[in-house]
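A.B. asks: what's the 3D shape of this:
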Amino acid sequence: MKILNLYACLGGNRYKWSNVSDIQVTAVELDEELARIYKERFPEDNVIVGDAHQYLLDHYRDFDFIWSSPPCPTHSRARFWASKGGVHKPVFPDMKLYEEILFLDNYFDGKWVVENVVPFYKPLLNCRKLGRHLFWSNFNIPLIDVKDANIHTGTISEHESFHEVDLRSYKGNQRKLKIARNLVHYELGKHILISCLKSINSNQPNQKLLF
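C.D. replies: I've put the predicted structure just below:
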């Protein structure tokens, strides 16, 4: 199975995929330092440093399963509350999130999932909440109960231990704690890939915004 992992970060979603199936993963990450660490974690993957949004548009036909995790800050409740309190300047929500959902739902013939935070507004399209994230997909993802790292009070080392990553060598511009907090629970990543494979093996047709 050819998988495209967009906005790959450190591959929190991908961590347990090697235990699931024979896969070929292409990961796209804009931050060169995150891409470097991702490649160290998953040396068998094809890692591309670049714009995931554009890469999706140019290469979606080359894959069987696409996972996308577009940037979430402009949708998050935490930033919204901080903006209301004068800590941050209000900004327009980044609509690349919904651009990709609509694009995949209408143009892509394979299986896909888009992940993001629970937003400060009512989601514009139907989705499923798993753990502390929302998922849009064209295949059934059964509910699963997972215990995530403490998103609000956990330290960098606690998040690193939970996700089994090491950020000490990271030399980029992003805050290490933010990077660690944003990682998708690896059991969720595994659960979603298994659900995708089951839908394929059962010949389940692609469904329009299933949830």
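A.B. asks: For residue 4, give me phi and psi.
C.D. replies: Dihedral pair for residue 4: phi -110, psi 120, per degrees, to the nearest 10.
A.B. asks: just residue 101 next, same as before
C.D. replies: Main-chain dihedrals, residue 101, degrees, to the nearest 10: phi -60, psi -50.
A.B. asks: thought it was touching residue 123?
C.D. replies: No - counting by Cβ atoms under 8 Å, residue 101 stays clear of residue 123, with 9.9 Å between them. Heads up, the C-betas are built off the backbone N, CA and C, glycines and all.
A.B. asks: So these two - more neighbours on which side?
C.D. replies: Neighbours were tallied for residue 101 and for residue 123 using other Cβ atoms under 10 Å; the higher tally belongs to residue 101 (24 against 17).
A.B. asks: Just name the shakiest helix or strand of the chain by mean pLDDT.
C.D. replies: Sorting the helices and strands of the chain by mean pLDDT, DSSP states H and E puts helix 77-84 at the bottom, at a mean of 78.
A.B. asks: Identify the residues contacting it?
C.D. replies: 73, 88, 89, 90, 91, 117, 118, 119, 120 (Cβ atoms under 8 Å, 6 or more residues apart in numbering).
A.B. asks: Mind giving me the packing neighbours of the top helix by length along the chain?
C.D. replies: Looking across the chain with DSSP state H, the single longest helix is helix 186-201. Judged by 3 or more Cβ pairs under 8 Å, 6 or more residues apart in numbering; DSSP states H and E, helix 186-201 is in contact with strand 65-68, strand 111-117, strand 133-137.
A.B. asks: Measure how that helix sits relative to strand 133-137, angle-wise.
C.D. replies: 10 degrees (axes from the mean of the first three to the mean of the last three Cα atoms, to 10 degrees).
A.B. asks: Sort out which residues of helix 186-201 are buried, please.
C.D. replies: Within helix 186-201, the residues scored as buried using 16 or more other Cβ atoms under 10 Å are 186-197, 199.
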